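Asks: quick one: sequence plus predicted model below, questions after.
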Amino acid sequence: MAEHSKKAKRVSESIITMTELVLPHHANQLGNLLGGQLMHWIDICAALSASKHSQRVCVTASVDNIDFRHPIKVGDVVTLVASVNRAFNSSMEVGVKVFKENFSLGMHVHSNSAYLTFVGIDENNKPVKTFEVIPETDDERRRYNEALVRRQNRLKNRKIRN
């Protein structure tokens with residue numbers, strides 16, 4: 001594959017939005033969306049964002065955090081919005097916000113957030129350098145800066161475990 005001529009891309013170029021309807025087979029006995037199902041959707045949305053940014057197939061390297069703030073019920077509509085917060089070398093941190101919506105109640109709530117790390121790979125499944133990230137808004141700059149802190153913590157924790 002030819003080398004990319006661009007060296008950096010805006011955060012807005014990596015945005016992916018997915019929408020899912022929670023059906024009974026997505027739920028537990030209480031009628032709440034299974035955490036594992038939500039994690040699956042989060043992983044797909046984040047992988048698409050990383051791939052869009054890097055123009056490569058991307059694989060999940062780690063999941064830092066998934067906060068479950070509010071239960072999501074059968075019949076709710078789930079919207080996931082992902083974007084690359086920061087790129088390091090071959091890895092990228094992707095943030096995902098999850099919103100639940102109930103059309104009949106007129107309810108729209110930020111229910112979950114997650115941070116995942118992805119690595120872009122080449123045709124030999126080897127990690128490859130990706131584009132830098134250009135944050136443009138105050139929120140994007142905040143997420144860009146916080147991503148470095150999370151990365152430093154990930155690397156520190158990896159050393160402790162090894």
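Replies: Everything's here; your move.

Asks: just give me the longest helix of the chain.
Replies: Taking DSSP state H as the criterion, the chain has its longest helix at helix 138-161.

Asks: list the buried ones in that one?
Replies: Residues E140, R143, Y144, A147, R150, R151, R154 are the ones in helix 138-161 that count as buried (16 or more other C-beta atoms under 10 Å). Quick note: C-beta positions are derived from backbone N, CA and C, even for glycine.

Asks: tell me how far that helix is from the chain's mean position?
Replies: The chain centroid and the centroid of helix 138-161 are separated by 14 Å, computed with C-alpha atoms, centre = their mean, to the nearest Å.

Asks: packing partners of that helix?
Replies: strand 57-68, strand 77-87, strand 91-102, strand 107-121 (3 or more C-beta pairs under 8 Å, 6 or more residues apart in numbering; DSSP states H and E).

Asks: any chance of these in TSV, with distance to S49 too?
Replies: Formatted as TSV, these follow (distance: least, C-beta to C-beta, whole Å):
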stretch	distance to S49
strand 57-68	9
strand 77-87	4
strand 91-102	5
strand 107-121	8
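
Asks: and those strands: which comes nearest P135?
Replies: Across the helices and strands packed on helix 138-161, P135 has its closest neighbour in strand 77-87 (8.1 Å, C-beta to C-beta).

Asks: how close does H110 sit to V98?
Replies: 7 Å (C-beta to C-beta, to the nearest Å).

Asks: the two - which one has more neighbours?
Replies: V98 (28 against 13; other C-beta atoms under 10 Å).

Asks: now the spatially most central residue of the chain. Its backbone dihedrals?
Replies: The centroid of the chain falls nearest to A46 when counting by C-alpha atoms, centre = their mean (3.3 Å). Here is the backbone geometry of A46 (degrees, to the nearest 10): phi -70, psi -40.

Asks: what's the answer for R56, then?
Replies: The phi/psi pair for R56 (degrees, to the nearest 10) is phi -140, psi 160.
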